[in-house]
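Colleague: got a sequence here, can you model it:
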Amino acid sequence: MTGDHGHDLMFGALLEPPADRPQDVLALAELMEAVGLDVVTLSDHPYWPERLDTMALLAAVVARTERITVMPNMANLPLRPPTTLARTAATLDILSGGRFELGLATGAQQMWDLIVAEGGPRRNAGESVEALEEAVRIIRALWTSESAVSFEGAHYQLAGVKPGPRPAHDLGIWLGAYQPRMLRLVGAVADGWVPSSPFLPPEHLPAANRVIDEAALEAGRSPGEVRRGYNIEGRFAPDSGSGSGSGFLDGPPRLWVEQLADLALSHGISAFFLYRAQSPDVIRQFAEEVAPAVRGIVAAERGSGAGPA
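Modeller: As a prediction, this is how the structure comes out:
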């Protein structure tokens, strides 16, 4: 089982602001920075006109903040070509002084009709994984190559594309993945992994982590090279005095602290994002009553000599 890989802990939120309240995301992002959170992320559904464009919003967040990291959670590959993603990500990283990370996913299978309607391709599950692997290779090449980039893949072809711009820092690519083939891709090529707890509950983390770890080793990598994130859905509830809540992240802050610290130490999760956060009060409570306590427990455990697995 994957244990603690020793990464610094990060806490943030996945925001999903409606288009009719365009300033909400900016206000929440500023709040997140003010209360000491580390990462603001936005979901990406380009085919929904009731949502504002994710990359444009992230640019606005970058302009309104000074410290916090920003990331799409996750960018929709079928409607965002890898060459465009590479340049957009690098640009936002440069403008932010190295505060951008790229989250990337294949697009939800149930959304293919909407993707095709917007001019995107229709891909089956296997083709989606192939396209994602090709995209990661292309994006990294455009960030790092000293010469023109050519690529001949099943889904993408480049004929001597000029690379650049270069990101301001070693910009990570995080993948959203649930099925074994996608999880193997995470282990082989990704810098980070972010599932969501409603779709991958904590009891399924060990099996998914094993697939990632095995794929990393097969690719000649250490499993610790893949950071593990988690979009966490929960509810702050009054303390019943019984010592426990009714389930995962359903109870008082101390329950959240215990459960998230266990995820960090036992399952290698080092980035926690509130899932679909819209309440300033919940964001403040998460930042003030949960994040510092989880950091304290994990730091104490690491200091005791347990160390990364």
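
Colleague: alpha carbons only for contacts and neighbour counts from here, please
Modeller: Fine.

Colleague: show the model's pLDDT score for residue 40.
Modeller: Residue 40 carries a pLDDT score of 98 in this model.

Colleague: can I get stretch 76-93 as CSV, trimmed to CA atoms?
Modeller: This file holds the C-alpha atoms of stretch 76-93, laid out as CSV (Å, rounded to 0.1, in the frame of the first residue of the first chain):
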residue,chain,number,x,y,z
ASN,A,76,-10.9,19.3,-21.2
LEU,A,77,-8.4,17.9,-23.8
PRO,A,78,-10.9,17.1,-26.6
LEU,A,79,-11.8,20.8,-26.9
ARG,A,80,-8.3,22.2,-26.0
PRO,A,81,-5.6,21.2,-28.4
PRO,A,82,-2.3,20.3,-26.7
THR,A,83,-0.3,23.0,-28.6
THR,A,84,-2.8,25.6,-27.3
LEU,A,85,-2.8,24.1,-23.8
ALA,A,86,1.0,24.2,-23.7
ARG,A,87,1.2,27.9,-24.6
THR,A,88,-1.7,28.9,-22.4
ALA,A,89,-0.2,27.1,-19.4
ALA,A,90,3.2,28.5,-19.9
THR,A,91,1.8,32.0,-20.3
LEU,A,92,-0.1,31.8,-17.1
ASP,A,93,2.9,30.4,-15.3
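
Colleague: name the residues that touch that stretch?
Modeller: 44-46, 55, 59, 62, 99-102, 104-107, 115, 118-121, 132, 135-136, 138-140, 142-143, 164-169, 171 (Cα atoms under 8 Å, 6 or more residues apart in numbering).

Colleague: buried subset of those residues?
Modeller: 44-46, 55, 59, 62, 99-102, 104-107, 115, 120, 132, 135-136, 138-140, 142-143, 164-168, 171 (16 or more other Cα atoms under 10 Å).

Colleague: so which of those residues are in helices?
Modeller: 55, 59, 62, 115, 132, 135, 136, 138, 139, 140, 142, 143 (DSSP state H).

Colleague: distance to residue 200 and pLDDT added to those, as a markdown table?
Modeller: Below are those laid out as a markdown table (distance: Cα to Cα, whole Å; pLDDT from 0 to 100):
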| residue | distance to residue 200 | pLDDT |
| --- | --- | --- |
| 55 | 26 | 96 |
| 59 | 30 | 97 |
| 62 | 30 | 97 |
| 115 | 24 | 93 |
| 132 | 20 | 98 |
| 135 | 25 | 98 |
| 136 | 23 | 98 |
| 138 | 29 | 98 |
| 139 | 28 | 98 |
| 140 | 28 | 98 |
| 142 | 33 | 98 |
| 143 | 32 | 98 |
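
Colleague: which parts of the stretch 1-150 of the chain are helices?
Modeller: 24-34, 54-64, 82-96, 112-117, 125-144 (DSSP state H, counting those that start in this stretch).

Colleague: report how many residues lie close to the closest residue to residue 224 other than its chain neighbours.
Modeller: Leaving aside its chain neighbours, residue 224 sits nearest to residue 5 (5.4 Å; criterion: Cα to Cα, 6 or more residues apart in numbering). Neighbour count of residue 5, defined by other Cα atoms under 10 Å: 22.

Colleague: wait, residue 11 sits on residue 275?
Modeller: No. When contacts are counted by Cα atoms under 8 Å, residue 11 is not listed as touching residue 275 (11.6 Å).

Colleague: who's more crowded, those two?
Modeller: Higher neighbour count among residue 11 and residue 275: residue 11, with 24 against 21, using other Cα under 10 Å.

Colleague: neighbours of the nearest residue to that one once chain neighbours are set aside, how many?
Modeller: Nearest residue to residue 11 in three dimensions, chain neighbours excluded: residue 272, at 4.9 Å (Cα to Cα, 6+ apart). Under the neighbour criterion other Cα under 10 Å, residue 272 is assigned a count of 24.

Colleague: which residues touch residue 272?
Modeller: Contacts for residue 272 (Cα under 8 Å, 6+ apart) come out as 10, 11, 12, 13, 229, 230, 231, 232.

Colleague: one step back: out of the helices of the stretch 1-150 of the chain, nearest to residue 299?
Modeller: helix 24-34 (22.3 Å; Cα to Cα).

Colleague: buried set for the closest one?
Modeller: Residues 24, 25, 26, 28, 29, 30, 31, 32, 33 are the ones in helix 24-34 that count as buried (16+ other Cα under 10 Å).

Colleague: looks like the second one contacts residue 13 (just checking).
Modeller: No. Between residue 25 and residue 13 there is no contact under Cα under 8 Å: 11.0 Å.

Colleague: now residue 274: how far from residue 32?
Modeller: With the distance defined as Cα to Cα, to the nearest Å, residue 274 ends up 11 Å from residue 32.

Colleague: where do the contact lists of these two overlap?
Modeller: With Cα under 8 Å, 6+ apart, residue 274 and residue 32 have common neighbours residue 12.

Colleague: would you list the ones in helices among the buried ones among the contacts of stretch 76-93 in a markdown table and tack on distance to residue 260?
Modeller: Output for these, formatted as a markdown table (distance: Cα to Cα, whole Å):
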| residue | distance to residue 260 |
| --- | --- |
| 55 | 29 |
| 59 | 30 |
| 62 | 28 |
| 115 | 35 |
| 132 | 30 |
| 135 | 32 |
| 136 | 30 |
| 138 | 35 |
| 139 | 33 |
| 140 | 32 |
| 142 | 37 |
| 143 | 34 |
